[in-house]
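Asker: this one's structure only:
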């Protein structure tokens, strides 16, 4: 093993690091690769080859393929074996080393199960001693997706809307419409989505206003493969289908749901019709990916948006009447917005729009005093957990609105709003103020009231009390410091009978045994006397010892 500051590297890895800093281009050999890009289809294999020139054995050389950084190779070969320690994670287990012609300097790697992310430039490098030679290769990945599906919305007055959809294409394909004569038709809208695997879903919409236009084709074209797929729809035939005469009915009013509760999105056919053999989907702005898809009597998992996985359930008790309800559990702020409910059969669909309003009633406001300055009072009102953006108002005792000094709204990671609003009180006659925060959709508000005069009075009393405590503490400290220690010797012959003297006659404590001796004065030696003083501390009475000739009777608990 090799130790570097902060790292511990194996011998192979350390050699790679050392090589990167010491190599320089070789004048004795060069490397060549394919003259044209290597084309590979999604899911198939790709062969990357390179040749050492002039031809000679490469068995003793180090060979590596890499993308952007030599230090993290796609594949590396050294001393007759693979070096996997630094290999890029996404290529592990997918690369096969081919060395059949290594004696002539020709090597290759086969890459299994080509993905869209494999597309791009690669480098092949040969290394010998302190010299290297390399060449670049371009891998183009292409995927021919599904044939287009043409969906026709039931006629609305004199218009017919066609939607062409396809998925599994790479790179981003071209979509176009043609009439029966081959003339291209103008697309109203076109939408492309790249899924988790890097493949593209396309959705193109065409509106037909010409009643004589009976046949229309949709084509999806891959420009790398120069291949395309197409579908044709006969409008008159579709107008004769069952769904062409039906309509989908949804709620006429917005659906209000509080954050954390369950959402109910209900759609039904009118007139009533059995929807068991139909495809029903709830979508946001586009058909794919969907919020929920019901097809052939079951839920379709592969087309659902990631944010709805594990949160949806279908209530199909009345499906024979054409009524279905989608439940979305634990409503989030991101669920807010427009939805579409589509019933489809035989390529014809009908839809209804649903408007979902997510609402959140936040916490009760909290009013705090920010400070007192030059007779002005600044109040801050805070609350959180609101959706959508709440309305905030300050009001006086009469309910009149007071303009706020400033207002700050922030949206958290869950989409809920936190509000901070400030009020500068300059009017001394203003007694009470109210902070009101309301949800515009629910018509509900939460209120907090603050008494400015009461706060000022309470604040004044608190200041006086604090000042009094400080003065009392200072006085006690001064008195304590005035007690000075005196070195005395106590006379055991004249001590109180309940006092016990220590060895050396320096300390005395109160005893419990009573003596027959009469009470006498406790005197310091020769001219000293002891008298009770006013110094106290730590729960123990202390005594002040002075000098004098007159005695005084004392009964101490403890003399220190």
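Answerer: That came in fine, so what should we check first? Predicted model, so just to flag it, every value in this text is computed and none were measured. Numbers count the residues shown, from 1 in each chain.
Asker: how long is stretch 361-380 end to end?
Answerer: One end of stretch 361-380 sits 20 Å from the other (Cα to Cα, to the nearest Å).
Asker: I should have written stretch 300-315 there, sorry.
Answerer: Across its full length, stretch 300-315 reaches 15 Å end to end, with Cα to Cα as the criterion.
Asker: For residue 360, give its distance to residue 385.
Answerer: 6 Å (Cβ to Cβ, to the nearest Å). C-betas here are computed from N, CA, C, even on glycine.
Asker: Compare the two (neighbour count), which wins?
Answerer: Using other Cβ atoms under 10 Å as the criterion, residue 360 and residue 385 rank with residue 360 on top: 22 against 16.
Asker: If you drop the residues flanking it in sequence, what lies closest to that one?
Answerer: residue 387 (3.6 Å; Cβ to Cβ, 6 or more residues apart in numbering).
Asker: residues bridging contact with residue 360 and residue 385, i.e. touching both?
Answerer: Counting by Cβ atoms under 8 Å, 6 or more residues apart in numbering, the shared contacts of residue 360 and residue 385 are 416, 417.
Asker: and residue 278, what is it in contact with?
Answerer: Going by Cβ under 8 Å, 6+ apart, residue 278 touches 243, 343, 344, 345.
Asker: ok, the second one to residue 126 distance?
Answerer: Okay, so that is residue 343. Separation of residue 343 from residue 126 (Cβ to Cβ) stands at 63 Å.
Asker: cool, and the first one?
Answerer: For residue 243, the distance to residue 126 under the criterion Cβ to Cβ works out to 65 Å.
Asker: Could you do residue 28 as well?
Answerer: Relative to residue 126, and taking Cβ to Cβ, residue 28 is found at 11 Å.
Asker: Tell me which of those two has more neighbours.
Answerer: residue 126 (24 against 10).
Asker: which element is residue 236 on?
Answerer: For residue 236, the host element (DSSP states H and E) is helix 235-238.
Asker: next structured bit after that helix?
Answerer: Helix 235-238 is succeeded, C-terminally, by strand 247-249 (DSSP H and E).
Asker: List the neighbouring strands of that next one plus their orientation.
Answerer: strand 263-270 (antiparallel) (DSSP bridges).
Asker: following the strand it pairs with, which helix or strand shows up next?
Answerer: Strand 263-270 is succeeded, C-terminally, by strand 279-283 (DSSP H and E).
Asker: Contacts for that following strand next, please.
Answerer: With Cβ under 8 Å, 6+ apart as the criterion, strand 279-283 contacts 265, 267, 287, 290-295, 303, 324, 326, 339-345.
Asker: Kindly recompute the last result at 6 Å.
Answerer: Outside strand 279-283, the residues within contact range by Cβ atoms under 6 Å, 6 or more residues apart in numbering are 290-295, 324, 326, 339-344.
Asker: Make TSV from the residues you listed and add secondary structure, distance to residue 222 and neighbour count to it.
Answerer: Listed next are the contacts of strand 279-283 as TSV, based on DSSP: H, G, I helix; E, B strand; the rest coil; distance: Cβ to Cβ, whole Å; neighbours: other Cβ atoms under 10 Å:
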residue	secondary structure	distance to residue 222	neighbour count
290	strand	25	19
291	coil	29	22
292	strand	31	24
293	strand	26	22
294	strand	31	22
295	strand	27	14
324	strand	37	24
326	strand	35	24
339	strand	33	22
340	strand	29	20
341	strand	33	25
342	strand	28	22
343	strand	32	26
344	strand	27	20
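Asker: pLDDT score for the closest residue to residue 54 other than its chain neighbours?
Answerer: Closest residue in space to residue 54, ignoring its immediate chain neighbours: residue 29 at 6.9 Å, by Cβ to Cβ, 6+ apart. pLDDT recorded at residue 29 is 92.
Asker: wouldn't residue 62 be in contact with residue 125 here?
Answerer: No - between residue 62 and residue 125 no contact is recorded; they are 8.2 Å apart, counting by Cβ atoms under 6 Å.
Asker: Right, I'll call it a day here.
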